[in-house]
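*Asks:* predicted model and sequence follow; I will ask about them next.
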Protein chains: 2
Amino acid sequence: MIQTAVLGYGTVGSGVVEVLETNRESIEKRAGEAIGIKYVLDLREFPGSSIEDILVHDYEVIVNDPEVQIIAEVMGGIEPAYTFTKRALEAGKSVCTSNKELVAEHGLELMKLAKKHKVNYMFEASCGGGIPIIRALNSSLTADEIDQISGILNGTTNFILTEMAESGADFDQVLKDAQNKGYAERNPEADVEGYDACRKIAILSSLAYGAHVDYRDVYTEGITKITAEDMKYAKMLGMSIKLLADSKREGERFSAMVCPTMVGKGSPLYSVNGVFNAVFVHGNMLGDAMFYGSGAGKLPTASAVAGDIVDCAKHLGKTVMMNWSSKELERVDIKEVKHAFFVRIKGKMEERLNQVKAVFSNPQTVSVPGLEEEFGFVTECISEEDFAKKAEGLEGIISRIRIRA
Amino acid sequence: MIQTAVLGYGTVGSGVVEVLETNRESIEKRAGEAIGIKYVLDLREFPGSSIEDILVHDYEVIVNDPEVQIIAEVMGGIEPAYTFTKRALEAGKSVCTSNKELVAEHGLELMKLAKKHKVNYMFEASCGGGIPIIRALNSSLTADEIDQISGILNGTTNFILTEMAESGADFDQVLKDAQNKGYAERNPEADVEGYDACRKIAILSSLAYGAHVDYRDVYTEGITKITAEDMKYAKMLGMSIKLLADSKREGERFSAMVCPTMVGKGSPLYSVNGVFNAVFVHGNMLGDAMFYGSGAGKLPTASAVAGDIVDCAKHLGKTVMMNWSSKELERVDIKEVKHAFFVRIKGKMEERLNQVKAVFSNPQTVSVPGLEEEFGFVTECISEEDFAKKAEGLEGIISRIRIRA
């Protein structure tokens, strides 16, 4: 029997316990040995629950018990998770986590520490919940040079955007609904401002490019300014608005951004709705591939953590190689990045179109019935810098949304 | 340097050489050592090509060379691939293959042989070309009990069905076009009769259920009887027709079938078009996940073979565990399997609807402008046996297509 401990008995932690208990038999078969849970760490009490007898409040009990070989860190946040993880690895215990903040901030260091102690630091659950993208990048697409990775990486914002598109309601109202239903947190900032997706695309880019992509280098815009009117224009254009995380590598340079993006029907990301997530990968040999699944949720995320536990159990005493190195890639300045832009502008089309044409070549116009005092247009593919300059020369711009080429 | 040999210099074989050469540097990094190609085996000559100097015609040269540690078998067909693979494994060489006929027929035996000799038999490229589904089932979704696996597993038929839906042309004409473009073989039977998809779903089911699913136990129908008129009805119903491979497990029983199926817009499989493939997996913890990518094509398939070579290189001297056992599951008789059916029937709706209603409860009718001498209806979800009996009692049935619930 291989003994484990679960740090944190919140949503994911209780899910990990449930997965390991429910699928005990098949997990034993896959791991080659039974997986036991010796401890659950939490500050709270859970009287009457199934884990009552294995609940501890003191991490020392776990880290000093040589029987514990694998630890699931599902607490979230930087501290005390960071310290606990370091101590576990130093004590020769593998760690599996769903903690994207910690992985984005200290992942490289923790992987190196794991290697030094011949154990593993695994984080399949940190990106895209139940979507097995990390192991795919790490063990499957190993004959490819990945030059693009992008996707819908946050379930909360995708749920909100899907609801806005379907109901016609505004952001604030849909957010409130989502909070009441438990799909958004009371403090939704990390999700709606794009910080969560930003960390995830940094982690995925690091693994895909075999380098270190710092999340602070990812240009990030949230969805709080998206309106019901924007949704109407998107519909007229046959597109949907997604919080897209997008990263490209060209030689020794990379660019990465998270922002609301209009996605056309031709893209497999167009119809990824609700709390589902999808990660799109382009390899120089593989071409396009996409991974789709529940982006969040107790059991899908817990299933990913438990899958990592099985992998750690299969690799006791051996560190599985990860393609994330300290090599730095040069960051392309956001100013240089090119897209088409969708722009909304005040005024009547017949009165203002010539002004628009004087600034943007070849604008493709669009108007929405009922919105008589404004219209929209789509630009050619131009750089962010170019767009910003041109936009300065045009009065009455209401909003702009990038379009995925 | 780890030396390999490539058996067969056809489309996939030349692709494997190209992948290993183009991405030499990143592959070395991932494998932990350089991967060399010492031999290419083919009966033909390739004067002037880059492999001229390493081309051999005699397998003995390869199998007797102790330097060769990994062999890519990309010849296809049962013999001589089966004999060559056995001899390679017995000689302590790992084998990676794209050969689904061989894997479906002798996979279990070859995996056992590999284990005996502490080498690996890997076949990521055998199902869904570049889609990394085998390793996902094997190494990622290990904490889940997979109870359903289904998908679009054949690129040729999906290309044909997509073209038929878009152009309105009939099967024979689109097949001819596809043959001229190189998307279908001169002898298209294995693809259009569903034999290829049948082998793939048997392989995937075996891995997903940890048992042995014999491809002969998969009920298989091809797409040759699908007509332009069927496509019109599908469109009216808001569905697309796909050659769907579908397999379900309930306890110790399984059912598996390959047949043309109408898929609704709610399914992520609805918009998988052209030569793309997708595999949909349901796990008891994970919920729904989908993997999407190029189902065929030289480089995507070769990328999967090369990925297996990297994995073999990382596991020299150690057999990676596969969850495919000789355990037999009881096959559910096809008669018991339930779906809704779409049925086309001769005559005018107003004249015949009562006859239909006398046989099928609650038929949902549909008619297509221009097809005045017939109409269609959708049945409730009933068993195959029930449907067959009822259909016998109704004259003038033109065709029936199963609907994915």
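*Replies:* Alright, I've got the coordinates. Numbers count the residues shown, from 1 in each chain, chains lettered A, B, ... in the order given.

*Asks:* wait, isn't A:Leu237 in contact with A:Val378?
*Replies:* Yes - using C-beta atoms under 8 Å, A:Leu237 is in contact with A:Val378, at 7.2 Å. For the C-beta atoms, the positions are set from N, CA and C on the backbone; glycine is no exception.

*Asks:* what touches both of the two?
*Replies:* Common neighbours of A:Leu237 and A:Val378 are listed as A:Phe342, A:Val366 (criterion: C-beta atoms under 8 Å, 6 or more residues apart in numbering or on different chains).

*Asks:* strands of the stretch 1-150 of chain A, start to end?
*Replies:* Per DSSP state E, counting those that start in this stretch, the stretch 1-150 of chain A carries strands over the ranges A:2-7, A:35-41, A:55-56, A:68-73, A:94-97, A:121-122, A:146-152.

*Asks:* could you say what helices and strands the second one packs with?
*Replies:* For strand A:35-41, the packing partners by 3 or more C-beta pairs under 8 Å, 6 or more residues apart in numbering or on different chains; DSSP states H and E come out as strand A:2-7, helix A:11-22, helix A:24-31, strand A:55-56, helix A:59-63, strand A:68-73, helix A:298-314.

*Asks:* try 7 Å this time
*Replies:* Where contact means 3 or more C-beta pairs under 7 Å, 6 or more residues apart in numbering or on different chains; DSSP states H and E, strand A:35-41 is packed against strand A:2-7, helix A:11-22, strand A:55-56, helix A:59-63.

*Asks:* which SS class is A:Ala256?
*Replies:* Per DSSP: H, G, I helix; E, B strand; the rest coil, the local secondary structure of A:Ala256 is strand.

*Asks:* need the pLDDT of the closest residue to it other than its chain neighbours.
*Replies:* Sequence neighbours aside, A:Ser247 is the residue nearest to A:Ala256 in space, at 3.9 Å (criterion: C-beta to C-beta, 6 or more residues apart in numbering or on different chains). Note for A:Ser247: predicted pLDDT of 97.

*Asks:* A:Lys112: neighbouring residues, count only.
*Replies:* Neighbours of A:Lys112 under the rule other C-beta atoms under 10 Å in any protein chain shown: 16.

*Asks:* so what does the residue nearest to A:Ala256 look like in phi/psi?
*Replies:* Dihedral pair for A:Ser247: phi -140, psi 130, per degrees, to the nearest 10.

*Asks:* do A:Ala169 as well
*Replies:* Dihedral angles for A:Ala169 - degrees, to the nearest 10 - are phi -80, psi 170.

*Asks:* what's the answer for A:Asp191, then?
*Replies:* When read as degrees, to the nearest 10, the backbone of A:Asp191 gives phi -80, psi -60.

*Asks:* residue contacts, it?
*Replies:* Contacts here follow C-beta atoms under 7 Å, 6 or more residues apart in numbering or on different chains; on that basis A:Asp191 touches A:Asn154, A:Thr156, A:Thr157, A:Ala184, A:Glu185.

*Asks:* closest one of those to B:Ser139?
*Replies:* Comparing the contacts of A:Asp191 against B:Ser139 with C-beta to C-beta picks out A:Asn154 as the nearest, at 25.8 Å.

*Asks:* and A:Tyr121, how far is that from chain B?
*Replies:* Distance, A:Tyr121 to chain B, by C-beta to the nearest C-beta, to the nearest Å: 17 Å.

*Asks:* surely A:Leu244 and A:Arg404 touch.
*Replies:* Yes - judged on C-beta atoms under 7 Å, A:Leu244 makes contact with A:Arg404 at a distance of 6.5 Å.

*Asks:* shared neighbours, the two?
*Replies:* By C-beta under 7 Å, 6+ apart, the residues touching both A:Leu244 and A:Arg404 are A:Thr261, A:Val263.

*Asks:* who's more crowded, the two?
*Replies:* A direct count of neighbours by other C-beta under 10 Å for A:Leu244 and A:Arg404 places A:Leu244 higher, at 24 against 18.

*Asks:* neighbours of the nearest residue to A:Gly8 once chain neighbours are set aside, how many?
*Replies:* Leaving aside its chain neighbours, A:Gly8 sits nearest to A:Met75 (3.7 Å; criterion: C-beta to C-beta, 6+ apart). Around A:Met75 there are 24 other residues, counting by other C-beta under 10 Å.

*Asks:* give me the pLDDT value at A:Met75.
*Replies:* 96.

*Asks:* circling back to that earlier point, okay, and the beta partners of the residue nearest to A:Ala256?
*Replies:* A:Ser247 has these beta-bridge partners by DSSP bridges: A:Ile149, A:Ala256.

*Asks:* buried subset of the contacts of A:Asp191, written for ChimeraX?
*Replies:* The ChimeraX selection below is limited to those of the contacts of A:Asp191 classed as buried (16 or more other C-beta atoms under 10 Å in any protein chain shown):
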select /A:154,156,157,184
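
*Asks:* tell me the one of the contacts of A:Asp191 nearest B:Asn277?
*Replies:* A:Asn154 (27.3 Å).

*Asks:* let me have the strands of the stretch 1-150 of chain A in CSV, adding mean neighbour count as columns.
*Replies:* CSV is the format used below for those (neighbours: other C-beta atoms under 10 Å in any protein chain shown):
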stretch, mean neighbour count
strand A:2-7, 25
strand A:35-41, 21
strand A:55-56, 16
strand A:68-73, 26
strand A:94-97, 28
strand A:121-122, 29
strand A:146-152, 23
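
*Asks:* need those strands in a markdown table with distance to B:His57, can you?
*Replies:* Listed next are these as a markdown table, based on distance: least, C-beta to C-beta, whole Å:
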| stretch | distance to B:His57 |
| --- | --- |
| strand A:2-7 | 50 |
| strand A:35-41 | 51 |
| strand A:55-56 | 67 |
| strand A:68-73 | 51 |
| strand A:94-97 | 49 |
| strand A:121-122 | 46 |
| strand A:146-152 | 37 |
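
*Asks:* which one of those strands lies nearest to A:Lys357?
*Replies:* Nearest to A:Lys357 among the strands of the stretch 1-150 of chain A is strand A:146-152; the distance by C-beta to C-beta comes to 31.9 Å.

*Asks:* please save the CA atoms from the helix or strand that the closest one is followed by in PDB.
*Replies:* Per DSSP states H and E, the first helix or strand lying C-terminal to strand A:146-152 is helix A:155-167. Output in PDB follows, covering the C-alpha atoms of helix A:155-167 (Å, rounded to 0.1, in the frame of the first residue of the first chain):
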ATOM      1  CA  GLY A 155     -14.800  28.100 -16.700                       C
ATOM      2  CA  THR A 156     -16.300  30.900 -14.700                       C
ATOM      3  CA  THR A 157     -15.800  33.600 -17.400                       C
ATOM      4  CA  ASN A 158     -16.800  31.200 -20.200                       C
ATOM      5  CA  PHE A 159     -20.000  30.500 -18.300                       C
ATOM      6  CA  ILE A 160     -20.700  34.200 -17.900                       C
ATOM      7  CA  LEU A 161     -20.000  35.000 -21.600                       C
ATOM      8  CA  THR A 162     -22.200  32.100 -22.700                       C
ATOM      9  CA  GLU A 163     -25.000  33.300 -20.500                       C
ATOM     10  CA  MET A 164     -24.600  36.800 -21.800                       C
ATOM     11  CA  ALA A 165     -24.700  35.600 -25.400                       C
ATOM     12  CA  GLU A 166     -27.800  33.500 -24.700                       C
ATOM     13  CA  SER A 167     -29.800  35.700 -22.400                       C
END
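
*Asks:* what is helix A:155-167 packed up against?
*Replies:* Applying 3+ C-beta pairs under 7 Å, 6+ apart, one finds that helix A:155-167 contacts helix A:171-181, helix A:189-192, helix A:228-236, strand A:239-250, strand A:276-283.
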